[in-house]
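Enquirer: okay, sequence plus prediction incoming.
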Amino acid sequence: MLLSSKLPGVGTTIFTVMSALANEHGAINLSQGFPNFDCSDRLKALVEKYMRLSYNQYAPMPGVPALRNRIAEKVKNLYGLNIDPETEVTITAGATQGLYCAISAFIRPDDEVILIEPAYDCYRPAIEVNGGIPVTYELSAPDYRVEWRLLERLITWKTRMIIVNTPHNPTGKIFKKSDWEELRRIAEDRDILVLCDEAYEHLVFDGKEHLSLLRYPKIYERGLSVFSFGKTLHATGWKLGCVVGPPDLTREFRKVHQFNVFAVNTPMQHAAAAFFEDPNEYLGLNEFFQKKRDFLLSAMEGSRFRPIKSEGTYFQLFDYSAISDEPDTEFAKRMTTEFGVAAIPVSVFNSSHHDDKVIRLCFAKTEETLARAGELLRKI
Ligand code: PMP
Ligand code: GLN
């Protein structure tokens, strides 16, 4: 049979590749983003409790009501938006599935979608598999700032969606109020949806606030926010998250979600609802991860790596141009195989492969791990 791929450019993700290389060479894995410490015992006990209470059959398609109510309460308290959990919150199998369904629900063949690169890797294939056309606006190190007037020039009558991500993976940059004002100006009088990936909503540092799309009612009319509880719960393996959007968008979103996954695992949803009852479980994450960022930054002091300070996420970028002029993909491999620390090369998030000689390190690790990594990297 002659098979013609719908995604000929897609291979194995850089996260899988680098984690495998790290394992193969016994390197410290600061590449793929996941904590090397466990989620809380209280959370695990809650999962067990709900399993034993026999919450083991299908959840309702949009998610367990207790969890959706909890999200609505949290959105009201943190972002000042009143939402109806019945019609505006859908629990998803992680942010990835939420993003996929949001893109599939609205993107038709030949629709253009503006992507800001470097971009997290799951947006582009979701657009392409639906026949959409990704249109790229590329940021540059070290500020990675969006010049909205330039981005606006990419808009045509075929533009259907703009995808944004704050806090931003891989750069660690966060949106300011002015970014949202510009985005609102651009999207407002056009038929353009805004999809905001807020996977790291609770990981924002130095006293700054997370500016969720949900703080901007005018954008919310045409917007969907995507969240990942994997980051909030230190449980990336659970693949749990949610999508918040106004009723008309959520209705369309659920038409795809319903047949993509139908519903997400039940006991974990109940456990998350009970866990989030205490807001300190997520409000303390900023400080917790800021400490880790600062620990990594001080462990790297005296090295030839130059940090581009992270404002959010659990990633910290380093410019290595004082060490080598080899491509970042080669350098990241060599870091793993020769120097014992696995990193992610940032150019893989650029479809142009534009290379600023910057690598990404994940600091969601114990201080012991970060200290050992620093020790190895200071020798280079
Ligand atoms: N968006 C961004 C920016 C991410 O970094 C990640 C992965 N950590 C995801 C989405 C996917 O999240 P999940 O594991 O919940 O699918
Ligand atoms: N989001 C994680 C990262 O940026 C990776 C998740 C995955 O492996 N798909 O490292």
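Expert: That came through fine. Ligands and ions are numbered 1, 2, ... in the order given.
Enquirer: contacting residues for the nearest residue to residue 143 once chain neighbours are set aside?
Expert: Spatial nearest neighbour of residue 143, chain neighbours left out: residue 173 (7.9 Å); criterion: Cβ to Cβ, 6 or more residues apart in numbering. To be clear about C-beta, it is placed using only N, CA and C from the backbone, and glycine gets the same treatment. Applying Cβ atoms under 8 Å, 6 or more residues apart in numbering, we find residue 173 in contact with 143, 144, 145, 166, 167, 311, 312.
Enquirer: indicate the residue of this structure located nearest to ligand 1.
Expert: Residue of the chain nearest ligand 1, by Cβ to the nearest ligand atom: residue 94 (2.7 Å).
Enquirer: so does stretch 266-279 get close to ligand 1?
Expert: No. Stretch 266-279 stays clear of ligand 1 (Cβ under 6 Å from any ligand atom), getting no nearer than 12.3 Å.
Enquirer: list of residues touching that stretch?
Expert: Contacts of stretch 266-279 (Cβ under 8 Å, 6+ apart): 40, 42-43, 46-47, 49-51, 55-59, 63-64, 66-67, 69-71, 74, 77, 91, 229, 233, 238, 240, 281-282.
Enquirer: same question, stretch 3-22
Expert: With Cβ under 8 Å, 6+ apart as the test, stretch 3-22 has contacts from 27-29, 31-33, 121, 125, 128-129, 332-333, 336-337, 342-345, 348.
Enquirer: that stretch: end-to-end distance?
Expert: Stretch 3-22 has an end-to-end distance of 33 Å (Cα to Cα, to the nearest Å).
Enquirer: stretch 302-315 now?
Expert: One end of stretch 302-315 sits 20 Å from the other (Cα to Cα).
Enquirer: buried ones in it, by neighbour count?
Expert: Residues of stretch 302-315 classed as buried by neighbour count (16 or more other Cβ atoms under 10 Å): 303, 304, 305, 306, 307, 308, 310, 311, 312, 313, 314, 315.
Enquirer: show me what the mean pLDDT comes to for it.
Expert: Average pLDDT, stretch 302-315: 98.
Enquirer: now the residue of the stretch 151-300 of the chain found nearest ligand 2: how far from residue 118?
Expert: At 5.1 Å from ligand 2, residue 169 is the closest residue in the stretch 151-300 of the chain, using Cβ to the nearest ligand atom. Residue 169 is 9 Å from residue 118, where distance means Cβ to Cβ, to the nearest Å.
Enquirer: neighbour count for the two, which is higher?
Expert: The residue with more neighbours, out of residue 169 and residue 118, is residue 118; 27 against 23, by other Cβ atoms under 10 Å.
Enquirer: strands of the stretch 1-150 of the chain, start to end?
Expert: Taking DSSP state E, counting those that start in this stretch as the criterion, the stretch 1-150 of the chain carries its strands at 28-29, 89-92, 112-117, 133-138.
Enquirer: would you mind finding the most buried of those strands?
Expert: strand 89-92 (a mean of 27; mean count of other Cβ atoms under 10 Å).
Enquirer: send the alpha carbons of that one over as PDB?
Expert: Output in PDB follows, covering the C-alpha atoms of strand 89-92 (Å, rounded to 0.1, in the frame of the first residue of the first chain):
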ATOM      1  CA  VAL A  89     -14.800  24.300  31.900                       C
ATOM      2  CA  THR A  90     -13.800  21.000  30.400                       C
ATOM      3  CA  ILE A  91     -11.300  18.600  32.000                       C
ATOM      4  CA  THR A  92      -8.800  17.300  29.600                       C
END
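Enquirer: so what strands line up beside that strand?
Expert: Strand pairing for strand 89-92, using DSSP bridges, gives strand 241-244 (antiparallel).
Enquirer: near ligand 1, anything from the partner strand?
Expert: Yes. Judged by Cβ under 6 Å from any ligand atom, strand 241-244 comes into contact with ligand 1 through residue 241.
Enquirer: and the next element down the chain from that strand?
Expert: Per DSSP states H and E, the first helix or strand lying C-terminal to strand 241-244 is helix 247-260.
Enquirer: how about the residues of the stretch 101-250 of the chain by ligand 1?
Expert: Counting by Cβ under 6 Å from any ligand atom, the stretch 101-250 of the chain comes close to ligand 1 at 120, 165, 169, 197, 199, 228, 230, 236, 239, 241.
Enquirer: which ones among those map onto helices?
Expert: residue 230 (DSSP state H).
Enquirer: and the furthest pair within the residues of the stretch 101-250 of the chain next to ligand 1?
Expert: 165 and 239 (18.4 Å; Cβ to Cβ).
Enquirer: comparing those two, which residue is more hemmed in?
Expert: Between residue 165 and residue 239, residue 165 has the larger neighbour count (other Cβ under 10 Å), namely 27 against 19.
Enquirer: who does that one bridge with?
Expert: Here residue 165 sits in beta bridges with residue 197, going by DSSP bridges.
Enquirer: spit out the contact partners of it.
Expert: Counting by Cβ under 8 Å, 6+ apart, residue 165 touches 116, 119, 120, 196, 197, 198, 199.
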